[in-house]
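Chemist: Got a predicted structure plus its sequence, pasted below:
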Amino acid sequence: MKTWLITGCSSGIGAGIAKAVLKSGDQAVVTARNKDKVMDIVKDYPDTALAVSLDVCDNESIKNAVKEANEKFGAIDVLVNNAGYGYRSAIEEGEVEAVQTLFNTNVFGPVELMKAVLPGMRAQKSGFIINVTSIAAARSAIGSGYYASSKAALELLTNGLMKEVAPLGIKAMVVQPGAFRTRFYDGESLKGSATEIGDYAQTAGKTRVGRFENKHAQPGDPDKAGEVIVKVVNGDEQPEILSLGSDAVKAVKATLEAKLAELDKWADVSALSDYDK
């Protein structure tokens, strides 16, 4: 039986993962900034579920969540860094403090959680860290440069981490979701710059918060996402990056193919910078 600590479980994929973990018979530390929002998930699992308030931008909150998890279940076997949110802005419009908060939530908070659980995982010579990013990490879009770069940073941190911890018996994996029927585009899950520069009205301006309606018609099912992640973690083999959803696979594949084509196109020019043989 594994013990999972999952962030951002009040809705969406985080909730889907927590439900799938508990349904599978594993133990789960189900977290949100306000634990009252996850009580509906844990209420039927008094012995295997623990609701904890966790703010990933607060180191004391992180330490307390890990402490509560260890006191309840003895160890943490799987960490899922799922909490995060989006930010819409042209690069020039981005506000420093808002972007710093975005990176604290999407990058540095997950880093501190990894640091908090890794000593225990090293001691038991086993563990699994899952960092949830986005297909935005594979290819940014107009108005999403800051969000995409935060998710790309988390992906490359995970890529380095997996090589560092593999000899210690610990695994790490990126989960890269496509479009899912979550609250990502609603309310507090999507922020935006208050600065609006007229020259970007026809580009980033069209992506601003409130300029489009979330009809919740995305192809991805958050509950099925949770089931897939639990299945992959419990399998004999895991990918470095699990692109989640058929739309994600299609988008990432097209992006990689375009990058390879461009690399080949400019290969001769690139080689001009080599020393003469």
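Modeler: Everything's here; your move. Numbers count the residues shown, from 1 in each chain.
Chemist: Contact partners for the residue of the chain positioned farthest from its centre?
Modeler: For the chain, the residue at maximal distance from the C-alpha centroid (Cα atoms, centre = their mean) is residue 277, at 45.7 Å. In this structure, residue 277 makes contact with no residue, judged by Cβ atoms under 8 Å, 6 or more residues apart in numbering. Placement of C-beta: from N, CA and C, glycine included.
Chemist: With residue 15 instead?
Modeler: Contact analysis of residue 15 by Cβ under 8 Å, 6+ apart lists 9, 38, 41, 222, 226.
Chemist: do residue 4 as well
Modeler: 17, 18, 21, 26, 27, 28, 29, 76, 77, 78, 79, 80 are the contacts of residue 4 under Cβ under 8 Å, 6+ apart.
Chemist: Of these, which belong to strands?
Modeler: Judged by DSSP state E, these include 27, 28, 29, 78, 79, 80 as members of strands.
Chemist: If you drop the residues flanking it in sequence, what lies closest to residue 99?
Modeler: Nearest residue to residue 99 in three dimensions, chain neighbours excluded: residue 146, at 5.3 Å (Cβ to Cβ, 6 or more residues apart in numbering).
Chemist: Whichever strand or helix holds that neighbour - what's its average pLDDT?
Modeler: Using DSSP states H and E, residue 146 maps to helix 145-165. For helix 145-165, mean pLDDT is 98.
Chemist: Quickly run through the sheet partners of whichever helix or strand comes after that helix, with directions.
Modeler: The helix or strand immediately downstream of helix 145-165 is strand 170-177, counting by DSSP H and E. Using DSSP bridges, strand 170-177 pairs in its sheet with strand 127-132 (parallel), strand 241-244 (parallel).
Chemist: between strand 170-177 and helix 145-165, how many degrees?
Modeler: 160 degrees (axes from the mean of the first three to the mean of the last three Cα atoms, to 10 degrees).
Chemist: Following element in sequence after strand 170-177, please.
Modeler: With elements assigned by DSSP H and E, the helix or strand that comes after strand 170-177 is strand 190-192.
Chemist: Tell me which other helices or strands the following helix or strand past that following strand touches.
Modeler: Following strand 190-192 in sequence order, the next helix or strand is helix 222-233 (DSSP H and E). Where contact means 3 or more Cβ pairs under 8 Å, 6 or more residues apart in numbering; DSSP states H and E, helix 222-233 is packed against helix 12-24, strand 127-132, strand 170-177, strand 241-244.
Chemist: Rebuild the ones you listed as TSV, extending it with mean pLDDT and distance to residue 56.
Modeler: Below are the helices and strands packed on helix 222-233 laid out as TSV (pLDDT from 0 to 100; distance: least, Cβ to Cβ, whole Å):
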stretch	mean pLDDT	distance to residue 56
helix 12-24	96	12
strand 127-132	98	12
strand 170-177	97	17
strand 241-244	96	21
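Chemist: Nearest to residue 55, out of the ones you listed?
Modeler: With Cβ to Cβ as the criterion, residue 55 lies closest to helix 12-24 of these, at 14.3 Å.
Chemist: Figure out how far that closest one is from the centre of its chain.
Modeler: The chain centroid and the centroid of helix 12-24 are separated by 15 Å under Cα atoms, centre = their mean, to the nearest Å.
Chemist: can you list the weak-confidence ranges in the chain?
Modeler: 180-188, 210-217, 219 (pLDDT under 70).
Chemist: center of it - which residue?
Modeler: residue 132 (2.3 Å).
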